[in-house]
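Asker: Kindly return the folded structure for what I paste below:
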Amino acid sequence: MNNAKIRPFCALDVPWLVEQHGTLYERDEGFDETFAPLVQRILEDFVATHDPKFERGWIAEQEGQRLGSIFCVRLDDSTAKLRLFFLVPEARGMGLGKRLLYTCMDHARAVGFAQMSLWTHESHRAACALYKATGWHLAGSKPVHSFGVDLVEQSWKIRL
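Answerer: Numbering: from 1, shown residues only. As a prediction, this is how the structure comes out:
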């Protein structure tokens, strides 16, 4: 996967991202049918309203096969939010996630954001380990019931 490329997201990626999120989160996390429509709404909103100067999405792919995604959106004038960071299982553990994360962080820094934040779940141990290893700090944690399962929500932040 080291020869995978990272390219800009386009609207044609939406169906694949929705299907992958829905299928894999149901299989791996037990999420219910409310999760994929949430991903759909996030992506449709991004396509319709994002400011391309500040907000971007990227798709990792190899030989035309999509492997993952990451998005940078504006939370406020100084803070970018990382969203929809995702890798298919066969692309995990090979450094591609780190490349996606740095692509997103480098963009946020380059367009003038002073910090980034993200929301995730404690069960995403590999992603949380990557955040910690790249300088992110756990800002908060709380138990919730979302998408039909009990989870521990986490908020992470980093100064750029």
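
Asker: and Cys10, how many neighbours does it have?
Answerer: 10 (other C-beta atoms under 10 Å). (C-beta placed from N, C-alpha, C; glycine too.)

Asker: how much space is there between the residue of the chain positioned farthest from its centre and Lys5?
Answerer: Residue farthest from the centre of the chain, counting by C-alpha atoms, centre = their mean, is Glu63 at 21.7 Å. Here Glu63 is placed at a distance of 9 Å from Lys5 (C-beta to C-beta, to the nearest Å).

Asker: ok, and the closest non-adjacent residue to Ala36?
Answerer: Excluding the flanking residues, the one nearest Ala36 by C-beta to C-beta, 6 or more residues apart in numbering is Gly22, at 3.0 Å.

Asker: swap in Gly68?
Answerer: Closest residue to Gly68 apart from its sequence neighbours, by C-beta to C-beta, 6+ apart: Leu87 at 3.8 Å.

Asker: re earlier: on the pLDDT front, check the residue farthest from the centre of the chain for me.
Answerer: On the pLDDT scale, Glu63 is placed at 93.

Asker: quick one, phi/psi of it?
Answerer: Backbone geometry at Glu63, expressed as degrees, to the nearest 10, gives phi 50, psi 40.

Asker: Over to Gln62?
Answerer: Residue torsions, per degrees, to the nearest 10, at Gln62 are phi -140, psi 130.

Asker: distance of it from Leu84?
Answerer: 19 Å.

Asker: Check the offset of stretch 14-31 from the chain's centre.
Answerer: 13 Å (C-alpha atoms, centre = their mean, to the nearest Å).
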